[in-house]
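A.B. asks: Would you be able to build a 3D model of this:
(one chain, ligands or ions: 1)
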Amino acid sequence: LVLILDYGSQYTHLITRRIRSLSVFSLCISGTASLSAITALNPSVVILSGGPHSVHTPDSPSFPDGFLAWAQSNNVSVLGICYGLQLLVQRLGGEVHVGHKQEYGRMEIVVEKPSALYSSDQIGKRQVVWMSHGDEAVTLPSDFHVVARSDQGAIAAIENPSSKFYGLQYHPEVTHTPEGMETLRHFLFDVCRVEAGWKMEDVMEEEIKAIRDTVGGDEHVICALSGGVDSTVAATLVHKAIGDRLHCVFVDNGLLRYKERERVMETFEKDLRLPVVCVDASNQFLTKLKGVTDPEIKRKIIGKEFICIFDAFAQELEEKLGKKPSFLVQGTLYPDVIESCPPPGSGRTHSHTIKSHHNVGGLPKDMKLKLIEPLKLLFKDEVRQLGRILDVPEGFLKRHPFPGPGLAVRVLGDVTEGNALDILRQVDEIFIQSIKDAGLYDSIWQAFAVFLPVRSVGVQGDQRTHSHVVALRAVTSQDGMTADWYYFEHKFLDDVARKICNGVRGVNRVVQDITSKPPSTIEWE
Ligand code: XMP
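C.D. replies: Reported below is the predicted structural model:
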């Protein structure tokens, strides 16, 4: 295990991912974790991440006392990156000063002498690296020496090979450091002698065993399927572990996309053979939403209604089985786990503050179900990889995200007004199908149509019309936190607009949303 101690750098997750991409398992925990929490994980390498702090600020985060002594006596290599290097230097008795010049962005460094950190062919060569720091190490602790310097003469890499302590002032994990992956590879395999061998097949086997151990021989487990990748992969994995003691529910809330219910149920039943009940609760949801125009109230109503249905599902199951289900499966991912407890001062906040997001995970607190979260150590692309091994169809794994409140946040205003939902479904289907036909689906994070509760004047077939306006939204994004609008070719947009106006009764105008996030959000409500 390669353990990353997180001091709040925006790149910390990237270090974890880069190392996993080398088939080495890595985990990231708070940089202020206790010594026992660190040693319990039994890492062979510890990486101290970068961070926005200065080691001179009172209360700046640091590793626990005794950590370096423990590392040294257990032959554990320690690599400090940026702030991590400065921490290492300061805690070992060296000096860190506020730099004369702040070094940010692309920079050149030269590897000055043979070292454990770089392969021998790097010596004397220039490397482009990505720096972002204000402070710099000026006096090194005893037994350390400088291995590489920046053009300005600042220390770029240091080492004390006899103690196995190393430091890089720049970020090897970002793509702006072209040789960075090679440096990490060399460090892990040639210096630390870490063995590559972490495979998704092993993750699957370990998780299946863990699920069986947790659930035991006769307990029952429930799961709410949203139709998204995470809950589907989580349920498929649990099903493989305990078979039909898993009970899934998929709720049609009347706010699904065109043929969504049929499409996802076919995947669940035919391709994955999941034990799933489909509850048609569309009337129930739409009745509660009638006349409601406030986006937050809509979201709250939908969340609450979902809980009622899930409660009823659990109740029915209890009557059928003669005992209560004891566990609940959730498709929580690693970024959710990390981001729910960001280190102090990291500037990272939990993402759900702008809108009251909900997904099928927001379940009643009084149900007293124990959680099974088999994906909680995986990133999204790793979940897709696991899904592939579990034979989840490729097309399903690549689906764009869809919000828990569904089309309710894409019909502005009252969702029950006229045939807004029907119009939106048709428009959305034409847009998405055109994107797929043009081979653009996988280059776009998310694309959808929005129904606007305004009418405009048009002329169709020599007749004056007074019909609805729809908006098209397509964005690129890494994680949904920020997004940029997607640049379609004019010909593509022209074709889509024609298809929509010719094919969907009640629409005579199509506009495109050309705002990024921020200042907008991806969804309109
Ligand atoms: P926003 O609109 O906040 O959306 O920029 C960011 C991402 O989150 C999705 N989204 C949701 N997902 N429950 C979900 O599971 C929700 O309530 C919800 N609201 C927005 C949105 O589709 C985008 O991918």
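
A.B. asks: Can you mark which positions in stretch 427-440 are buried?
C.D. replies: For stretch 427-440, a neighbour-count test (16 or more other C-beta atoms under 10 Å) marks 427, 428, 429, 430, 431, 432, 434, 435, 440 as buried. For the C-beta atoms, the positions are set from N, CA and C on the backbone; glycine is no exception.

A.B. asks: hang on, I meant stretch 83-94
C.D. replies: 83, 84, 85, 86, 87, 88, 89, 90, 91, 92, 94.

A.B. asks: likewise stretch 491-511?
C.D. replies: Result for stretch 491-511 [16+ other C-beta under 10 Å]: buried residues 495, 496, 497, 499, 500, 501, 504, 506, 507, 508, 509, 510.

A.B. asks: lowest-confidence helix or strand of the chain?
C.D. replies: Lowest by mean pLDDT, DSSP states H and E among the helices and strands of the chain is helix 334-339, with a mean of 72.

A.B. asks: strands paired with the helix or strand following that one, and their directions?
C.D. replies: Downstream of helix 334-339, the next assigned helix or strand under DSSP states H and E is strand 370-372. Here strand 370-372 has these sheet partners by DSSP bridges: strand 327-329 (parallel).

A.B. asks: I'd like the average pLDDT over the partner strand.
C.D. replies: Regarding strand 327-329, the rounded mean pLDDT is 95.

A.B. asks: What's the biggest helix in the protein, counting residues?
C.D. replies: If you go by DSSP state H, the chain has its longest helix at helix 295-321.

A.B. asks: and that helix, which residues are buried?
C.D. replies: Applying 16+ other C-beta under 10 Å to helix 295-321 flags 295, 298-299, 301-303, 305-307, 309-310, 313-314, 317 as buried.

A.B. asks: One more: stretch 73-80?
C.D. replies: Buried residues in stretch 73-80 (16+ other C-beta under 10 Å): 76, 77, 78, 79, 80.

A.B. asks: wait, doesn't the fourth one sit right on residue 48?
C.D. replies: This means residue 79. Yes - counting by C-beta atoms under 8 Å, residue 79 does reach residue 48; the two are 7.1 Å apart.

A.B. asks: sorry, back to before: going by distance to the ligand, which of the buried residues of stretch 83-94 wins?
C.D. replies: residue 83 (29.5 Å; C-beta to the nearest ligand atom).

A.B. asks: mind checking how far that closest one is from residue 135?
C.D. replies: Distance, residue 83 to residue 135, by C-beta to C-beta, to the nearest Å: 8 Å.

A.B. asks: Tell me which other helices or strands the longest helix of the chain touches.
C.D. replies: Helices and strands touching helix 295-321, as assessed by 3 or more C-beta pairs under 8 Å, 6 or more residues apart in numbering; DSSP states H and E, comprise strand 221-225, strand 246-252, strand 276-280, helix 282-289.

A.B. asks: Let's verify residue 128: helix, strand, or coil?
C.D. replies: With DSSP: H, G, I helix; E, B strand; the rest coil as the basis, residue 128 sits in strand.

A.B. asks: All the strands of the stretch 351-500 of the chain, in order from the start?
C.D. replies: 370-372, 446-460, 463-476, 484-485 (DSSP state E, counting those that start in this stretch).

A.B. asks: Each with direction, which strands does the third one pair with?
C.D. replies: Right, the one you point to is strand 463-476. Here strand 463-476 is paired, per DSSP bridges, with strand 446-460 (antiparallel), strand 484-485 (antiparallel), strand 507-512 (parallel).

A.B. asks: if we can go back for a sec, now intersect the buried residues of stretch 73-80 with the helices, please.
C.D. replies: Going by DSSP H, the helices hold none of these.

A.B. asks: Same list (the residues you listed) but as TSV, adding distance to the ligand.
C.D. replies: Compiled in TSV, those are given as follows (distance: C-beta to the nearest ligand atom, whole Å):
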residue	distance to the ligand
76	39
77	38
78	37
79	34
80	34
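
A.B. asks: Nearest to residue 197 among those residues?
C.D. replies: Nearest to residue 197, judged by C-beta to C-beta, of these is residue 77 at 18.1 Å.
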